[in-house]
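Engineer: Pasting the sequence and the predicted coordinates here, then a few questions.
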Amino acid sequence: QRFDNDGYAQWTANGKALLTPVGETVGEFAAVVLDNGNVLLAYVHRPATYQDTLSAQAFDADGDAVWAQPVHIAQGGAPVLGIDQVRARASAGGGAIIGWYDTYFGGSNEVNCTRIRNSGTLPWGTDGYAIPGATYGPFDLFDDGAKGAVVQWRDGNGSGANMHAMRVDSTGANH
């Protein structure tokens, strides 16, 4: 549902269904308001276990899809057991930065991130950029103000756990 400044509903009663992939379940999602006022939803969907797909769709103020089709970001399947912990942040250069964990068979993880433009294009390509060494613990990502991202993560639990950060520049290269 979308509400105006006074709290009045702007769409039909009980809101509007935005994501209804046929024959699939939406496992989780992250939403972000883009600089052009559209809302971007990055979401994990699956028809069955071990077949996660990460996609994104932008919606206008009426809740209508902006792009003809959702944008495919990443796909699970051997060796990726699943995709989870999706994050999305607005980018100062337009669009958004999206981050997620690939969980591999055997239980190890790897943080990935990508940039998506307001037009729905992926300048860093499908599957984004895997952050070297970011294989455990919670993570977050931030816009760097130059069409890149800063990714931070912790490499363990309890005392002695290290905090790390890496900048991914506008081309998708790390620094």
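Structural biologist: That came through fine.

Engineer: Give me the distance between the closest residue in space to Phe142 that isn't next to it in sequence and Thr171.
Structural biologist: Leaving aside its sequence neighbours, Phe142 sits nearest to Val150 (Cβ to Cβ, 6 or more residues apart in numbering; 4.7 Å). Placement of C-beta: from N, CA and C, glycine included. According to Cβ to Cβ, to the nearest Å, Val150 and Thr171 sit 15 Å apart.

Engineer: The two: which has the busier surroundings?
Structural biologist: Each of Val150 and Thr171 has its neighbours counted (other Cβ atoms under 10 Å); Val150 has more, 18 against 11.

Engineer: So what pairs up with that one in the strands?
Structural biologist: Phe142, Arg167 (DSSP bridges).

Engineer: Repeat that for Tyr129.
Structural biologist: Cys113.

Engineer: my guess is it contacts Asp169, does it?
Structural biologist: No. Counting by Cβ atoms under 8 Å, Tyr129 stays clear of Asp169, with 10.0 Å between them.

Engineer: in the top strand by length along the chain, what counts as buried?
Structural biologist: Longest strand of the chain, by residue count under DSSP state E: strand 80-90. Going by neighbour count (16 or more other Cβ atoms under 10 Å), the buried part of strand 80-90 is Val80, Leu81, Gly82, Ile83, Asp84, Gln85, Val86, Arg87, Ala88, Arg89.

Engineer: Which one of those is nearest to Phe105?
Structural biologist: Of all the buried residues of strand 80-90, Leu81 has the smallest distance to Phe105: 5.1 Å, by Cβ to Cβ.

Engineer: OK, contacts around Ile83?
Structural biologist: By Cβ atoms under 8 Å, 6 or more residues apart in numbering, the contact set of Ile83 is Val44, Asp52, Thr53, Leu54, Ala74, Gly76, Trp100, Tyr101, Asp102, Thr103.

Engineer: Number of residues surrounding the fourth one?
Structural biologist: Burial of Leu54, expressed as a neighbour count using other Cβ under 10 Å, amounts to 28.

Engineer: Show the contacting residues for the residue most central in space within the chain.
Structural biologist: Centroid-nearest residue in the chain: Ile98, 3.5 Å away (criterion: Cα atoms, centre = their mean). Ile98 makes contacts with 30, 42, 54, 56, 73, 86-88, 113-116, 128, as judged by Cβ under 8 Å, 6+ apart.
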